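output the structure for:
(one chain, ligands or ions: 1)
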Amino acid sequence: MLHYEFIVAQNPEEAGKLAADIFQEILLAKPRCVLGLATGSTPLPLYRELIAREKAGQLSFAQARSVNLDEYKGLGPDHPQSYRRFMQENLFDHISIDPVNTYVPDGLTRNSQAMCAEYEKKIETLGGVDIQLLGIGHDGHIGFNEPCDFFPAATHEVELEEITRQANQRFFDSIAEVPTAAYTMGIGTVMSARQILLMATGADKADILSRALLGPVTPQVPASILQFHPHVTVIADQAAASLIRR
Ligand code: PGA
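Residues are numbered from 1 along each chain as shown. As a prediction, the model looks like this:
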């Protein structure tokens, strides 16, 4: 029995629209909300829908603030594969959000520890995250929190798993170019969001989604911790939801 809201969409486009409904509700209720954002293929239909809805006058990002989950270590805003660049190209450049109100961990920092501590402080100063958007990795990672022996609390540097580097290789010319480390919000950071929206689309996510939602809560499947969050909405397309029986 799932204690969180589980919504099944026909396809990724519909998943994007249903997720946009949730974002729209929050933006209308709290224009200065703090949006926790994610990169990857999964959120793209959501971002396209949000851009269209703002252009249609249905919502506004003018007062919103945003914090992103993660960034590759060593990639700056100008690098085509940096997550800062991804966010600019796929969302920020097309909406009214003030660029100074968008935060992504600094991949080029010379002082990782200080940058991570400042990122945590920034989220606190903003008043915490109203809704955290998450995709899920094939190994159950959320952000770049990879399977390990414990749940990391705060924003930190991580070594990337080979499975994750291989999954992300499609965006780079070769595997050698995929960074080996990244900065990510911790599991504690993610769990402190007031609401969490987990999106999963595609048949290749069916197995990990069912393990995360229905299996034991373990740091070996980082997303399984979401079973302990009081306000989680899962939006999956039929392919990703195929192993969840309710
Ligand atoms: P994807 O990535 O949306 O590109 O599948 C999800 C993730 O790795 O968190």
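
so how far is stretch 151-159 off the chain centroid?
15 Å (Cα atoms, centre = their mean, to the nearest Å).

I meant to write stretch 205-216 there.
The answer for stretch 205-216 is 17 Å, by Cα atoms, centre = their mean.

same question, stretch 222-239
Remark: stretch 222-239 is offset 12 Å from the chain centroid, using Cα atoms, centre = their mean.

what about that stretch and the ligand, touching?
No: legend: contact between stretch 222-239 and the ligand by Cβ under 6 Å from any ligand atom is lacking; minimum distance shown is 9.0 Å. To be clear about C-beta, it is placed using only N, CA and C from the backbone, and glycine gets the same treatment.

what pLDDT, on average, does that stretch get?
The average pLDDT for stretch 222-239 rounds to 97.

what's the answer for stretch 163-178, then?
Averaged over stretch 163-178, pLDDT sits at 92.

shift numbering so it begins at 119
Happy to do that; since the first residue is 119 now, the last one works out to stretch 281-296.

okay, buried residues for it please.
282-283, 285-286, 296 (16 or more other Cβ atoms under 10 Å).

ok, stretch 190-200 next?
The neighbour-count check on stretch 190-200 (16+ other Cβ under 10 Å) flags 190-191, 193, 199-200 as buried.

nearest to residue 303 among the buried residues of stretch 281-296?
Of all those, residue 282 has the smallest distance to residue 303: 15.7 Å, by Cβ to Cβ.

helix or strand for that closest one, which one?
Using DSSP states H and E, the element containing residue 282 is helix 280-286.

mind listing what residue 218 touches?
By Cβ atoms under 8 Å, 6 or more residues apart in numbering, the contact list for residue 218 is empty.

quick check: the residue lying closest to residue 194 once chain neighbours are set aside vs the ligand, distance?
Nearest residue to residue 194 in three dimensions, chain neighbours excluded: residue 226, at 4.6 Å (Cβ to Cβ, 6 or more residues apart in numbering). Distance, residue 226 to the ligand, by Cβ to the nearest ligand atom, to the nearest Å: 22 Å.

wait, residue 226 sits on residue 196?
No: counting by Cβ atoms under 8 Å, residue 226 stays clear of residue 196, with 9.9 Å between them.

element containing the residue in the chain that the ligand sits nearest to?
Closest residue of the chain to the ligand, Cβ to the nearest ligand atom: residue 158 (2.8 Å). Under the criterion DSSP H and E, no helix or strand holds residue 158.
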